[in-house]
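**Student:** coordinates for the following, if possible.
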Amino acid sequence: MKREHLLWLLAITAGAAPVMQFGQGDDFDGLRFGVDGTFNITIFEDLHFGEPEGVSQYGPSGDNKTTKIISSILDNAPPSFAVLNGDLLSCEYITPDRVNATIDQLLEPFKTRNVPWGSTYGPHDMTSTCSTRAMAAYEQKTGGQLAWTQDMVQGEYEETGTSNYYVPIYGSTRGGNPNLVMLLWFFDSRGGKAFGKTSADGIDVQLEDWVGQKVVDWFNLEKMAMAQQFKRVIPSVAFVHTPVYAMKNSTQRIDPNTSPGINEEAVVYQGMACESGSKTCHGNERAASSFMQALGSTQGLMAVFSGHSHGNDWCMSWTVDDNVGGENDIPLCFGRWTGYGGYGTWARGARQIVLRENTKEIDTWITLEDGNISGHVMLNATFGTDEYSAVDVTKSPPLPPHT
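**Tutor:** Reported below is the predicted structural model:
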């Protein structure tokens, strides 16, 4: 059975939207490894555009500073692809008529430099006045072929979220019939408030803050379809804004030499917000564990990258339980918060990752806003035992108000 037919049948079962096998259109070459066999990704996260004066100490000037940081990092090391890994906006402070203009400001550095991107969404991207469905549609409209953000899983937002999709990366050899080499998986950890809804007493409706079961089912079915079609393991990397609960309580266990990075706050993980006692959200760690099990059983998964906790930027080695069926330990990594909105004073920056066409190793580090490098590690079979220099905890320089 051809993969297109199999995916169509599976899509009907899982509620997923069938996707094109190559690129974003018949006339588009798609994403490929460079002639040197590398594919470079820069991860920006927790940008929190749109915070007004009185909420952020910087107000709109903070967004201007965030844009300059993004531009500087892109100029110093132009990537093959950028990932916007959640909490792009602080939508609770943005009126509906300002959402698209705020997205335009965020995306301008990527569009002017012709850098393709894909987004995940976080809880601050979904509010009673701001919809991630509309955000994804606008990204596609304004970004054209640069925008890879999609919604492949059909269903109400409360069930599935929005940013669930994958992006194929093909081999460096040019010409027709490209060879699929790697996959980038994107997942929506949901959370936030229901768009356009309030409870009977007029309170915004809290949403479940984990990757939903319908998305997990889609993920598992897509993996099965690809295994049947390609008859080989396809290496992959995953991105999701809120960390999986395997990272719960890990702050106390992080070794500054085997997992170098700032380690300044407890991990906020999937299912945690609902566990805290919300009246309108009844999720728990057990529900959130389904996604973690799906990741753990994914052959060829090289790493999972998350954000959300601004005071962390380390990687840890997750030993997958035997009953999950994983073949190796999987690195779980934070990026580095980028925006001058949101909480904290840690130095802003971005995580860089280098994928190689013929190996299952990831070279990764943090580029800080001043251009310095922090926490350079190699995610490979010995990660977790290899030792590195501990990092310094640095703070952003004070930004004069109203600049």
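
**Student:** you'd agree residue 171 is up against residue 181?
**Tutor:** Yes. Counting by C-beta atoms under 8 Å, residue 171 touches residue 181, with 4.8 Å between them. From N, CA and C alone the C-beta is placed, and that goes for glycine too.

**Student:** overlap of the contact sets of those two?
**Tutor:** Residues touching both residue 171 and residue 181 (C-beta atoms under 8 Å, 6 or more residues apart in numbering): 33, 357.

**Student:** where do the helices sit along this structure?
**Tutor:** According to DSSP state H, the chain carries its helices in the segments 3-14, 60-76, 99-112, 132-143, 157-160, 213-230, 272-275, 285-296.

**Student:** I'd guessed residue 219 sits against residue 188; true?
**Tutor:** No. Residue 219 lies out of contact with residue 188 (C-beta under 8 Å); the separation is 11.6 Å.

**Student:** which of these two has more neighbours?
**Tutor:** Neighbours were counted for residue 219 and for residue 188 using other C-beta atoms under 10 Å; residue 188 has more, 30 against 24.

**Student:** that one and residue 167, how far apart?
**Tutor:** According to C-beta to C-beta, to the nearest Å, residue 188 and residue 167 sit 15 Å apart.

**Student:** likewise for residue 158?
**Tutor:** Residue 158 is 25 Å from residue 167, by C-beta to C-beta.

**Student:** now the end-to-end length of stretch 313-321.
**Tutor:** One end of stretch 313-321 sits 24 Å from the other (C-alpha to C-alpha, to the nearest Å).

**Student:** just to check, residue 236 is in contact with residue 183?
**Tutor:** Yes. Between residue 236 and residue 183 there is a contact at 4.1 Å, judged by C-beta under 8 Å.

**Student:** joint contacts of these two?
**Tutor:** residue 166.

**Student:** where are the low-confidence patches of the stretch 251-400 of the chain?
**Tutor:** Across the stretch 251-400 of the chain, residues meeting the criterion (pLDDT under 70) sit at 273-284, 322-328, 399-400.

**Student:** likewise for the stretch 51-200 of the chain?
**Tutor:** Looking at the stretch 51-200 of the chain by pLDDT under 70, you get an empty list.

**Student:** quick one: residues contacting residue 148.
**Tutor:** Contact analysis of residue 148 by C-beta under 8 Å, 6+ apart lists 24, 81, 116, 117, 118, 165, 167.

**Student:** mind putting these in CSV, neighbour count and distance to residue 337 included?
**Tutor:** Output for the contacts of residue 148, formatted as CSV (neighbours: other C-beta atoms under 10 Å; distance: C-beta to C-beta, whole Å):
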residue, neighbour count, distance to residue 337
24, 20, 29
81, 21, 20
116, 18, 22
117, 23, 17
118, 24, 19
165, 25, 24
167, 23, 23
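
**Student:** having no further points to raise, I will conclude here.
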